[in-house]
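>>> sequence first, predicted model second:
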Amino acid sequence: MSSAGKCPPFEVRAPKRRTLPLVLASPHSGTFYPDSFRRQSILDDQSLRRSEDTFVDVLFGAGPSLGAPLLRALYPRAFLDLNREPYELDPDMFSDPLPPYANVRSPRVASGLGTVARMVGGGAEIYGHKLPYAEAEARIEGIYRPYHAALSTLIRETQETFGYCLLLDCHSMPSVTHGNPAYTAQVVLGDRHGRSCAPEVIEAAESVIRASGLRVARNVPYAGGFTTGHYGRPDSGLHVLQIELARDLYMDEVTHKPNGGFDGLKEVLTTLTGTLGAISPLFLLPDSTRYRARSAE
């Protein structure tokens, strides 16, 4: 877990040649914990890491070699959550008033998991004192906006090249989701209940995952976060699928070290990436273009 010096907000791993209509994004796999943040927090390093999607960027790391860019955040979710609206903020966390455009009543804020989180996964409070609003603003302007600007650029470039884009938003989840053993899925696919991508996308993804022997669910308990809802516009040729991976598939959740399942899961996700990239354009093009293409057959 890096903590010294400065760090850019993200890294783009670009393919030598863009051959797939995909963009891969890993917004929660960052491990750069600024020393100033660690001094602000009342939690130890291990506790702070409970919100990390550790290694997710590595698990999907074959994307660039297959011809798709990979965008990965470098700062951790406990510091700033990039899968939220820019200003989902809890007013009780701050020593001065929030701007009127802040969303202070979202379910994420109520659960302590806003853009600047009050808690880590598992419910432990991060801070022992209130923060100045300027702290949140600095994180949003310095990290959140550059990340989403980069994501928007990758999406636009992909659409300009192929006429459409499929964004795969990559995450991990605790192996016992929400502390409820009734959730037995090892992979959860989220498409906002059919609103963020063409049905062929989630069907293809589910087929690959089931063929690997993993248990998969759709939209329960994760239907997709801000990225899925904000960017997913299938009628315009922009499709977004969120994928959640149970952490015990590939690592020890206490030590954050890879386990024996790591390489096998990476192979499955490499196959998944290639399969999604091969979906017929007729299913993914904007409606008007799709109609013209089918008419020309």
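Great, that's in hand.

>>> list the buried ones in stretch 223-239?
223-229, 231-232, 234, 237-239 (16 or more other CB atoms under 10 Å). Every C-beta, even on glycine, is put in place using the N, C-alpha and C of the backbone.

>>> with these in mind, which one is nearest to S152?
Y231 (8.2 Å; CB to CB).

>>> for that closest one, which non-adjacent residue is closest in space?
Nearest residue to Y231, sequence neighbours excluded (CB to CB, 6 or more residues apart in numbering): V240, at 5.1 Å.

>>> where does the one you found fall, secondary structure wise?
Element membership for V240, per DSSP states H and E: strand 238-246.

>>> just checking, what packs against the following helix or strand past that strand?
Once strand 238-246 ends, the next helix or strand along the chain (criterion: DSSP H and E) is strand 251-252. For strand 251-252, there is no helix or strand it packs on, judged by 3 or more CB pairs under 8 Å, 6 or more residues apart in numbering; DSSP states H and E.

>>> give me the helices and strands touching the strand holding V240, please.
strand 165-173, strand 187-190, helix 199-211, helix 226-231.

>>> adding distance to P281 and mean pLDDT, write these out as a markdown table.
Converted to a markdown table, these look like this (distance: least, CB to CB, whole Å; pLDDT from 0 to 100):
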| stretch | distance to P281 | mean pLDDT |
| --- | --- | --- |
| strand 165-173 | 11 | 98 |
| strand 187-190 | 21 | 98 |
| helix 199-211 | 11 | 98 |
| helix 226-231 | 19 | 98 |
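
>>> and the gap between the residue nearest to Y231 and C170?
As defined by CB to CB, to the nearest Å, V240 lies at a distance of 11 Å from C170.

>>> then G142?
Computed as CB to CB, the G142 to C170 distance reads 23 Å.

>>> looking at the two, which one has more neighbours?
A direct count of neighbours by other CB atoms under 10 Å for G142 and C170 places C170 higher, at 27 against 14.

>>> tell me the bridge partners for the more buried one.
Judged by DSSP bridges, the bridge partners of C170 are I243.

>>> so who does it touch?
By CB atoms under 8 Å, 6 or more residues apart in numbering, the residues touching C170 are L24, A25, S26, S29, D53, V56, D57, L59, F60, I243, L245.

>>> so which residues make contact with the helix ranked longest in the chain?
Using DSSP state H, we find that the single longest helix of the chain is helix 145-162. Here helix 145-162 makes contact (CB under 8 Å, 6+ apart) with 9-10, 12, 18, 21-23, 25, 27, 69, 71, 73, 82, 86, 164-165, 167, 227, 231, 237-238, 281.

>>> could you do stretch 93-101 as well?
Contacts for stretch 93-101 (CB under 8 Å, 6+ apart): Y87, L89, P91, V104, V116, R118, Y127, K130, L131, P132, Y133, A136.

>>> perfect, that will be all.
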